[in-house]
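J.: Here's a sequence, model it:
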Amino acid sequence: MTATQVVFGTDLNQQTFDRVITHLVTQGQRAYDTGCKYRTSSGLKCAVGCLIPDEMYHPEMEHQSVRTLCNGFENVNALMRSLTDNGSLDLLYELQEVHDSSRSWNEDGPGVSRGFWYDAKKLADRFELTMDNVKHLNVYAWEPS
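T.: Residues are numbered from 1 along each chain as shown. Below is the predicted model of the structure:
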């Protein structure tokens, strides 16, 4: 297997997906100041920011995609690649996209929107993951298909 092949339905991918989705739903709002951030001044964290330990975080990381971030911070690169079975950043990049999308967040208050759940389900399907460990967090009376 080459480093660029995507591995689907793996335990590390599932664990990372579950951890990020749980974080975003529990946090209930996008990590956003003057744009999406890994960390905001008020302590909010984005989909990838919640995976970066405090001792690894540096403000110079802001305003970069996870791929660019990993090119500039070797310790973060090693950590991010350890969170997926094949070291690919694809899952993390797409989780970051779900966080960054305004469609994911309620316009009239805190909380994730129906769009968030649709995008999370689409992402889970693409990576052959399940929603089993996070579906109880969905406050809507439907399951995204």
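J.: what sits up against the longest helix anywhere in the chain?
T.: Counting residues, the longest helix found in the chain (DSSP state H) is helix 11-27. Contacts to helix 11-27, defined as CB atoms under 8 Å, 6 or more residues apart in numbering, come from residues 7, 44-45, 47-48, 50-51, 82-85, 91-92, 95, 98-99, 104, 112, 116, 120, 123-124, 127, 129-130, 133-134, 137. Yep, even glycine has a C-beta here, placed from its N, CA and C like the rest.
J.: Okay, and which of those map to strands?
T.: In strands, judged by DSSP state E, none of the contacts of helix 11-27 are found.
J.: Could you list which residues are in contact with Asp119?
T.: Contacts of Asp119 by CB under 8 Å, 6+ apart are Val98, Ser101, Arg103, Ser104.
J.: Tell me how far the third one lies from Met80.
T.: Taking CB to CB, to the nearest Å as the criterion, Arg103 is separated from Met80 by 25 Å.
J.: out of the two, which sits in the busier spot?
T.: Neighbour count, other CB atoms under 10 Å: between Arg103 and Met80, Met80 has more, with 24 against 13.
J.: Look at that one and tell me its secondary structure.
T.: Under the three-state scheme (DSSP: H, G, I helix; E, B strand; the rest coil), Met80 adopts helix.
J.: Make residue 1 into 48 and carry on from there
T.: Okay, residue one is now 48; in that scheme the one you just asked about reads as Met127.
J.: contacting residues around it?
T.: Val95, Leu98, Val113, Leu116, Cys117, Leu136, Leu139.
J.: Could you dump those into TSV with pLDDT added?
T.: Compiled in TSV, the contacts of Met127 are given as follows (pLDDT from 0 to 100):
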residue	pLDDT
Val95	97
Leu98	97
Val113	94
Leu116	94
Cys117	94
Leu136	94
Leu139	96
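J.: Pretty sure Met178 sits against Lys168.
T.: Yes. Met178 is within contact range of Lys168, at 6.0 Å (criterion: CB atoms under 8 Å).
J.: any weak-confidence spans in this structure?
T.: Residue ranges of the chain with pLDDT under 70: 48-57, 188-192.
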